[in-house]
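**Student:** here are the coordinates; sequence isn't available:
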């Protein structure tokens with residue numbers, strides 16, 4: 001769904017303490033694979049895809065610059081990526097969860113998952 005360059009920008013926004021301007025995105029992207037001049041195209045693409053949005057404005061030198069924030073968490077994006085896949089089949093979810101759960105040896109994590117499922121059952 002996202003290009004490698006778009007993922008780098010969104011990852012930066014997910015890990016930042018708040019919304020960032022395009023200049024801050026450029027400055028904080030140390031391992032970027034895109035050119036500085038390309039940031040505006042990437043931001044517009046991410047907004048078109050609904051992954052980021054304008055959060056407000058921040059004074060930058062003499063002018064004001066838009067700030068950007070993600071519209072979803074990393075976890076929500078992963079779920080979106082899975083469910084939008086052309087091979088996605090909801091009937092396979094139990095097998096997918098079984099595969100994830102079988103990989104863990106963390107009892108606390110398993111108890112947390114049980115609690116999440118129990119809570120969701122009561123909501124339905």
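**Tutor:** Everything's here; your move. Everything numeric in this text was worked out from a predicted model, so none of it was measured.

**Student:** the spatially most central residue of the chain - nearest residue in space that isn't next to it in sequence?
**Tutor:** When C-alpha atoms, centre = their mean is applied to the chain, the residue found nearest the centroid is residue 74 (3.4 Å). Residue nearest to residue 74 in three dimensions, not counting chain neighbours: residue 14, with 5.2 Å by C-beta to C-beta, 6 or more residues apart in numbering. Where C-beta positions appear, they are placed from N, C-alpha and C, glycine not excepted.

**Student:** just residue 81 next, same as before
**Tutor:** Nearest residue to residue 81, sequence neighbours excluded (C-beta to C-beta, 6+ apart): residue 1, at 5.5 Å.

**Student:** what sits against the residue nearest to residue 74?
**Tutor:** Residue 14 makes contact with 70, 73-74, according to C-beta atoms under 8 Å, 6 or more residues apart in numbering.

**Student:** helix or strand next in line after the helix or strand hosting residue 53, which one?
**Tutor:** Following DSSP states H and E, the helix or strand that holds residue 53 is strand 52-60. Following strand 52-60 in sequence order, the next helix or strand is strand 63-70 (DSSP H and E).

**Student:** go through that following strand and flag the buried ones.
**Tutor:** Within strand 63-70, the residues that qualify as buried are 65-68, 70, counting by 16 or more other C-beta atoms under 10 Å.

**Student:** what does stretch 34-52 give?
**Tutor:** Result for stretch 34-52 [16+ other C-beta under 10 Å]: buried residues 34, 39, 42-43, 45-46, 51-52.
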